[in-house]
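*Asks:* no sequence on this one, just coordinates:
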């Protein structure tokens, strides 16, 4: 049975052969059994049916156990190929050895599983692990699409061959993964030639971390969506100058938190008030204090741009 499972023989074909064999044996038994021997025939038939049930159960258990071993080995090989692609070496040779085909280009999807929620650390970690496990099982079913993954409790990287139907509908793909994970996922996607995957993946995860720092809403982002934020976080005197705009708020962490949350909520004061568990009028008071301390009025578009930029610049220095 193990050899047949590894050879890819379908379980229903094996069971059909077993049933056909037992059917032939019963017909042979009936052909050599006369009417006077009918009670003996019934007993033999009963024993044959019992044996058939035991054989079917044994074959199924052995087959499925070996198939699980095969799938586990296959996942290990595919994980190794994904790791080689992300490291930038050895993927072609490894793929050839195990009969895999590497695409000419991929959509690199950097994925984050949230762990920020109320509750003890061990509870949050366990929830993230469970979400990761669900994602790993779901993505394992998509390997026929050529999708390669490396997923852990905090997230990971998904390599999607392009062009494919999955690469053409990344919003739907992420929505499906979010439903499976049971938590709001955030992802950065970027196209990449095979040789550029390490650099593209590194930049994608850098942007993913930036989204976490500035507390943007979960969802799918492309590099062009975050080009300004990415540029603002590049080291240099301009970034340092921008970051200092918020220095007057350092003694007032509640004001900094209000600014972060309010910007993430697209200036919706009611949503910000609900999230911070304070009255909406308190939001207005804190925004006024931010204006007094920084000289930048959040109600003025040009000043708001400076406040947002300063928050992004400061986030890259923490």
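*Replies:* Now that the structure is in, tell me what you want to look at. What you see is a predicted model; the values in this text were computed from it and never measured.
*Asks:* identify the residues contacting the host helix or strand of residue 275?
*Replies:* Assigned by DSSP states H and E, residue 275 belongs to helix 269-276. By Cβ atoms under 8 Å, 6 or more residues apart in numbering, the list of residues contacting helix 269-276 from outside reads 257, 258, 261, 262, 265, 279, 280, 282, 283, 284. Backbone N, C-alpha and C define where each C-beta goes, glycine included.
*Asks:* any buried residues in it, and which?
*Replies:* 271, 272, 273, 276 (16 or more other Cβ atoms under 10 Å).
*Asks:* same deal with stretch 304-318?
*Replies:* 304, 306, 307, 308, 309, 310, 311, 312, 313, 314, 315, 316.
*Asks:* give me the element the third one is part of.
*Replies:* When elements are defined using DSSP H and E, residue 307 is found to belong to helix 301-315.
*Asks:* gap between residue 109 and residue 312?
*Replies:* Distance of residue 109 to residue 312, given as Cβ to Cβ, to the nearest Å: 23 Å.
*Asks:* average pLDDT for the helix holding residue 275?
*Replies:* Averaged over helix 269-276, pLDDT sits at 91.
*Asks:* just after it, pick out the following helix or strand.
*Replies:* Criterion used, DSSP H and E; the element after helix 269-276 is helix 280-294.
*Asks:* tell me the angle that next one makes with helix 301-315.
*Replies:* Here helix 280-294 runs at an angle of 80 degrees relative to helix 301-315 (axes from the mean of the first three to the mean of the last three Cα atoms, to 10 degrees).
*Asks:* buried stuff in helix 280-294?
*Replies:* For helix 280-294, burial by neighbour count (16+ other Cβ under 10 Å) applies to 282, 283, 286, 287, 290, 291, 293, 294.
*Asks:* next, the angle helix 269-276 makes with it.
*Replies:* Using the same axes, to 10 degrees: helix 280-294 against helix 269-276 is 90 degrees.
*Asks:* tell me what helix 280-294 is packed against?
*Replies:* Applying 3 or more Cβ pairs under 8 Å, 6 or more residues apart in numbering; DSSP states H and E, one finds that helix 280-294 contacts helix 253-264, helix 269-276, helix 301-315.
*Asks:* sorry, back to before: mind putting the buried residues of stretch 304-318 in JSON lines, pLDDT included?
*Replies:* Formatted as JSON lines, those follow (pLDDT from 0 to 100):
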{"residue": "304", "pLDDT": "89"}
{"residue": "306", "pLDDT": "89"}
{"residue": "307", "pLDDT": "90"}
{"residue": "308", "pLDDT": "88"}
{"residue": "309", "pLDDT": "87"}
{"residue": "310", "pLDDT": "88"}
{"residue": "311", "pLDDT": "87"}
{"residue": "312", "pLDDT": "84"}
{"residue": "313", "pLDDT": "84"}
{"residue": "314", "pLDDT": "83"}
{"residue": "315", "pLDDT": "77"}
{"residue": "316", "pLDDT": "71"}
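*Asks:* roughly how far apart are residue 167 and residue 190?
*Replies:* Relative to residue 190, and taking Cβ to Cβ, residue 167 is found at 12 Å.
*Asks:* what touches both of those two?
*Replies:* Common neighbours of residue 167 and residue 190 (Cβ under 8 Å, 6+ apart) are residue 107.
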